[in-house]
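predicted model and sequence follow; I will ask about them next.
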Amino acid sequence: MDTYRLLGMGVILLMVLSLSQATCPEDVPGESQECMAEYSESLRVREERMQNFFTGTDPETIRYICSKLADGSQCVRRLRQDCPKHKHADISGALTNIPSILPICSYTQFYEIYARHQSCYRRIEGSNTCWDVYLHNREPLMPQVFNGQERAIAQICGYAYTLLECVKKQVDRHCGEEAASLMDILVKSSTKVGDLCQFINPNAVTTTQRPIKTEVEYKTKTEKPPKQQATKDGTNTENTSSTKTFSSSLFSLSLVLTIFGLLFR
């Protein structure tokens, strides 16, 4: 009888310990990309339809893309919490080539200002001309940019700066100062390299020397900032993981002691 009790206790103990541990998937890069799949697809569709943010894209389209960014970012944060620290580089690496439009999504009163000038943005033909020139120069450089070649990054940042200046002049002339005030975030979020470039004069272009980030915290007006913020994505990974592990261990220990008491009563 004692043998059966010990075997039963062992099985239950293994089950408790397995349940108390967070599950990190085997294919971490694949899971990371899956987190952002819907967001990436929404960006692809927007560009495929030539719906640049600075040319009067429907505000509901922008809201939809921002919601997908929020969902994807939350998924990535959970993945970071579930996986050990040495896997975090795999997560970041898998998301390097996914551009972020967080500046738009987190901009205070963005939709109110944008709605006032959307029709004017649509009427400016010159903005499309600015974009066509940028697109012609950008596409041959993108493979080199995503491979981290500094010369290509410097070139494309120069083209992106030129695009920004070109569009801002058009908008300021036709729509006014308030409408032009959104161009920094609208143009940068349209370029695919908004997180790489500092958007300064192309004769003095430098880069941020860091990969494109997407797994950032999406904040709404009603959200309160966390007390601690260790990473750009708003996740204090080490503290969160430690707290969860400690809580799980206490739960497991308590349950095991209870089982001991029942078996050997």
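In hand now; what should we look at? Residues are numbered from 1 along each chain as shown.

let me know the pLDDT of the residue nearest to T23 when sequence neighbours are not counted.
In space, T23 comes closest to D82 once its chain neighbours are excluded; the distance is 6.1 Å by C-beta to C-beta, 6 or more residues apart in numbering. C-beta coordinates here come from the backbone N, C-alpha and C atoms, glycine included. As summarised for this prediction, D82 has a pLDDT of 93.

36 is where my numbering starts, stick with that
All set: I'll call the first residue 36, so the last point we hit is now D117.

would you map the helices across the stretch 36-185 of the chain?
Secondary structure of the stretch 36-185 of the chain, counting by DSSP state H, counting those that start in this stretch: helices at 37-55, 63-70, 72-83, 94-117, 123-129, 137-140, 145-158, 160-173, 177-181, 185-210.

list the helices and strands the shortest one packs on?
Judged by 3 or more C-beta pairs under 8 Å, 6 or more residues apart in numbering; DSSP states H and E, helix 137-140 is in contact with helix 94-117, helix 218-225.

how about these, which one is nearest C232?
Shortest distance between C232 and the helices and strands packed on helix 137-140, using C-beta to C-beta, is found for helix 218-225: 7.8 Å.

tell me the average confidence for that closest one?
This predicted structure assigns helix 218-225 an average pLDDT of 93.

how about residues contacting that helix?
87-89, 134-136, 138-139, 142, 145, 166, 195, 198-199, 202-203, 206, 229, 232, 234 (C-beta atoms under 8 Å, 6 or more residues apart in numbering).

buried only: go through the residues you listed for me.
Applying 16 or more other C-beta atoms under 10 Å to the contacts of helix 218-225, the neighbour count classes 87-89, 134-136, 139, 142, 145, 166, 195, 198-199, 202-203, 206, 229, 232, 234 as buried.

report the contact partners of H209.
Shown in contact with H209 (C-beta under 8 Å, 6+ apart): C155, R158, I159.

am I right that the last one is in contact with A214?
No: proximity of I159 to A214 does not meet the contact threshold set by C-beta atoms under 8 Å, at 9.6 Å.

can you list residues touching both of these two?
In the contact map built from C-beta under 8 Å, 6+ apart, the residues linked to both I159 and A214 are V206.

identify the residues contacting the closest residue in space to R157 that isn't next to it in sequence.
Once flanking residues are discounted, R157 sits nearest to G91: 3.4 Å by C-beta to C-beta, 6+ apart. By C-beta under 8 Å, 6+ apart, the contact set of G91 is Q153, S154, C155, Y156, R157.
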